[in-house]
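Colleague: Kindly return the folded structure for what I paste below:
(one chain, ligands or ions: 1)
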Amino acid sequence: MDEGNIRLALLLIGPGTLSVFGLSFLWAWMLERKRHYLLLLSGGCVSFALGVFIQVFGWPSDAGVNALVSNFFYISAVLAVSEGLLRRSGKKFGVIYAISVLVMSSVLIWYFFYIDRSLVARIYVQNFGVGFLLLVVAWRLKGIVRGRFIDKALFWMLLGFSIQFFPRTVLTVEPYLSVDTSLFAESLFWQTLQLSLSVLGAGLAFVILAAAITDVIEDLRRERDIDRLTGIFNRRGFEERADLLIHTTGGSMAMVVCDLDHFKKINDSFGHAVGDDVLSIFGSLLRRTVRSNDIAGRIGGEEFAILLPNSGLLDAQGFTKRLHEAIATTIFPLPEGAQSVTSSMGVAVSQEKRDRASLFERADKALYTAKNSGRNRTVFHHDIAIEKMTSPDVCIGEAAG
Ligand SMILES: Nc1nc2c(ncn2[C@@H]2O[C@H](COP(=O)(O)OP(=O)(O)OP(=O)(O)O)[C@@H](O)[C@H]2O)c(=O)[nH]1
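Modeller: This next block holds a predicted model:
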């Protein structure tokens with residue numbers, strides 16, 4: 001292989017790697033088509049690679065047109081990646097911003113080619129421009145630095161990649177490039193640009209791809225753990241999160257198990273669809289009643305569990321009272337004259353070392369007692385014996401007291 005071919009092969013490493021990332025983003029999008037930002041990232045990688053190919057191979061051969069066309073692909077690439085990263089975080093720049101940036105950069109490239117010809121000025125326009133565009137994206141995404149590890153990595157990589165455009169350009173643009181543009185392909189500027197693209201650009205693309213795959217996996221995991229009907233955790237999701245919370249949180253903790261009363265009657269009298277509606281409304285009611293760090297799950301047909309961290313007996317009493325009240329004041333889609341929806345609850349409170357299974361078992365025993373002693377009430381389990389609560393604060397409904 002002669003020296004020219006070796007140089008060409010080295011030049012193509014950057015765009016080649018970016019093309020592979022472009023295909024990977026496309027593949028990720030084909031798996032999760034609702035994530036449109038993956039298409040933008042794919043288009044961005046491919047567009048940048050096209051820009052390099054156009055410049056390296058001189059298509060079209062007219063230097064002025066080539067500068068304009070390759071600039072179009074470079075800037076479109078940066079805009080597509082910027083938009084993709086923003087959309088991933090629920091933000092955007094929009095089409096008008098993209099068109100304005102494209103027109104502005106094309107006018108500047110045109111001016112510094114046809115009116116005041118200067119390769120160095122064109123290099124500054126493109127590199128400072130791209131650095132600035134990416135810095136704006138990093139600024140708008142600064143909130144993700146408080147997020148997951150992969151988001152932190154993405155933010156710092158993006159910031160580093162944006163910033164390097166400034167010192168690299170200043171340190172490597174040689175003044176004689178303005179005089180003899182044929183030296184461009186051998187210039188320090190072009191070679192360090194390719195190196196930064198192959199190493200930092202590919203590194204950034206890798207982190208973005210890892211973040212996108214993490215998003216997909218987390219979404220799948222969430223879907224796996226959420227009960228579609230009620231919008232709260234299913235049994236698996238509840239148990240996994242409850243175990244984690246129990247092992248990572250000290251202090252007292254309460255487990256509430258609640259079960260809708262005579263739910264079979266609702267199904268039998270008004271049909272399964274009405275029963276489903278009641279469950280769904282009960283799910284939203286639970287979501288409204290729990291605090292942000294409580295965990296609520298549907299653990300069986302019409303049986304629910306709620307783990308209340310940092311909660312003692314009084315907190316649990318307050319919670320079950322609020323829940324009974326919320327059920328009593330909620331309008332369920334039942335025909336007039338139908339018996340109102342009520343729930344029985346069992347509670348276990350633990351002060352010291354505990355495990356989820358034994359806490360649940362005690363709360364479930366208390367629930368059993370609540371059912372057997374008339375329903376529509378809360379019973380607290382104490383370590384020695386199950387004691388029916390007689391306080392009107394806790395026991396609500398006709399069977400109270
Ligand atoms: N509509 C609907 N019904 C369900 C679902 N899952 C379970 N069920 C029904 O829930 C009913 C539970 O009945 P039981 O276990 O006898 O309980 P209950 O009638 O509420 O009586 P108590 O709990 O003793 O007050 C059964 O009829 C199940 O078919 C569901 O997803 N949707």
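Colleague: Give me the below-cutoff pLDDT ranges for the protein.
Modeller: The chain contains residues with pLDDT under 70 at 1-3, 175-183, 353, 383-401.
Colleague: Close to the ligand: what parts of it are there?
Modeller: Taking C-beta under 6 Å from any ligand atom as the contact definition, the chain meets the ligand at 229, 259-264, 267, 272, 275-276, 279, 301-302, 371, 375. The C-beta positions use only the backbone N, C-alpha and C, and glycine is treated the same way.
Colleague: what sits against residue 240?
Modeller: residue 225 (C-beta atoms under 8 Å, 6 or more residues apart in numbering).
Colleague: for residue 113, same thing?
Modeller: Neighbouring residues of residue 113 by C-beta under 8 Å, 6+ apart: 63, 64, 67, 68, 122.
Colleague: In ChimeraX, select just the buried ones from the residues you listed.
Modeller: Selection command for ChimeraX covering only the buried members of the contacts of residue 113, criterion 16 or more other C-beta atoms under 10 Å:
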select :67,68,122
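Colleague: Distance to residue 23 for the contacts of residue 113 - can I get that in JSON lines?
Modeller: Output for the contacts of residue 113, formatted as JSON lines (distance: C-beta to C-beta, whole Å):
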{"residue": "63", "distance to residue 23": "31"}
{"residue": "64", "distance to residue 23": "32"}
{"residue": "67", "distance to residue 23": "28"}
{"residue": "68", "distance to residue 23": "27"}
{"residue": "122", "distance to residue 23": "30"}
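Colleague: Any chance of JSON lines for the contacts of residue 113, columns secondary structure?
Modeller: Shown next, in JSON lines, are those (DSSP: H, G, I helix; E, B strand; the rest coil):
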{"residue": "63", "secondary structure": "helix"}
{"residue": "64", "secondary structure": "helix"}
{"residue": "67", "secondary structure": "helix"}
{"residue": "68", "secondary structure": "helix"}
{"residue": "122", "secondary structure": "helix"}
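Colleague: Closest to the ligand out of the contacts of residue 113?
Modeller: Closest approach to the ligand among those (C-beta to the nearest ligand atom): residue 68, at 62.2 Å.
Colleague: show me the contacts for that closest one.
Modeller: 106, 109, 110, 113.
Colleague: now do residue 40
Modeller: 80, 81, 83, 84, 87.
Colleague: which residue packs closest to it, ignoring adjacent ones?
Modeller: Distances taken as C-beta to C-beta, 6 or more residues apart in numbering place residue 84 nearest to residue 40, at 3.4 Å, with adjacent residues excluded.
Colleague: circling back to that earlier point, pipe the contacts of residue 68 into CSV and attach secondary structure per row.
Modeller: Formatted as CSV, the contacts of residue 68 follow (three-state DSSP):
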residue, secondary structure
106, helix
109, helix
110, helix
113, helix
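Colleague: Which two among the residues you listed are spaced furthest apart?
Modeller: 106 and 113 (10.6 Å; C-beta to C-beta).
Colleague: Pull out the buried residues from the contacts of residue 68.
Modeller: By 16+ other C-beta under 10 Å, the contacts of residue 68 give 106, 109, 113 as buried.
Colleague: Can you tell me how far the first one is from residue 266?
Modeller: Plainly put, residue 106 is 67 Å away from residue 266 if you go by C-beta to C-beta, to the nearest Å.
Colleague: surely residue 279 meets residue 300?
Modeller: No. When contacts are counted by C-beta atoms under 8 Å, residue 279 is not listed as touching residue 300 (11.0 Å).
Colleague: the more surrounded of the two?
Modeller: residue 279 (19 against 11; other C-beta atoms under 10 Å).
Colleague: isn't there a helix covering the more buried one?
Modeller: Yes. If the criterion is three-state DSSP, then residue 279 is within a helix.
Colleague: got the contact list for it?
Modeller: Neighbours of residue 279 in contact, by C-beta under 8 Å, 6+ apart: 229, 230, 260, 298, 302.
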